[in-house]
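Asks: Everything below, folded, please.
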Amino acid sequence: MRILEGPEQARLLTTLAKRGATDLADIEPAVRRIVNDVRRDGDRAIRRYATRWDGLGKGEPLRVSEDEICEAWEQTDSELQDAIEKAAGNIRRYAEWQEPEQWQREIEPGVSVGQSWTSLSLRPQPLHSASPCAVEQMAMQGASGVLAYQSSQARLAAGGIETSSHCAWR
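Replies: You can find the predicted model right below:
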């Protein structure tokens, strides 16, 4: 991770501010090439691009350490921290609204069917109890970080018959 200061920081901020004015058709071929490289070569491609654009040194890990994330968070303007915390809350709330409901019905005495959903990953801490670093990580992770597991079951109690189907997705 590079921390930019002075003229280099100013140049990057100017570039970032102008990026919305770019015609996407102009950059689509380059983006498509990068995505295809990463699909084909995985971490090797990511390392190549991180070396070129971020100055990643040989043997340096691709993953930013928790200490580096905490240090960056501490150096972040409080107004931006507030915006990230608000975004994380909005993302979490939206993901929770999408959570399917569990149900069970008795078709006749001794025969019931139902559907249940269980998260396979730990739920993030509520914002009010999460550390600032965890909040930033949750904001970056977003709704796509939840791994869900569906289990549909039908049981016939008297005969001891049970059927089930399972599906997991990210």
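
Asks: all strands of the protein, in order?
Replies: Here the chain has its strands, by DSSP state E, at 103-108, 111-119, 148-156, 161-169.

Asks: Direction-wise, compare the first one with strand 111-119 and give the angle.
Replies: Strand 103-108 and strand 111-119 meet at an angle of 170 degrees, taking axes from the mean of the first three to the mean of the last three C-alpha atoms, to 10 degrees as the criterion.

Asks: Can you report how many residues neighbour residue 50?
Replies: A count of nearby residues for residue 50, using other C-beta atoms under 10 Å, gives 15. From N, CA and C alone the C-beta is placed, and that goes for glycine too.

Asks: can I assume it is in contact with residue 58?
Replies: No - in this structure, residue 50 sits apart from residue 58 without contact. The criterion is C-beta atoms under 8 Å, and the distance is 11.2 Å.

Asks: who touches both of the two?
Replies: Taking C-beta atoms under 8 Å, 6 or more residues apart in numbering as the contact rule, residue 50 and residue 58 touch no residue in common.

Asks: for this structure, where's the lowest mean pLDDT among helices and strands?
Replies: Of the helices and strands making up the chain, the lowest-confidence element is helix 132-141, at a mean of 41, by mean pLDDT, DSSP states H and E.

Asks: Report the residue spans of this structure with pLDDT below the cut-off.
Replies: Regions of the chain meeting the criterion pLDDT under 70 cover residues 1-2, 20, 22, 119-170.
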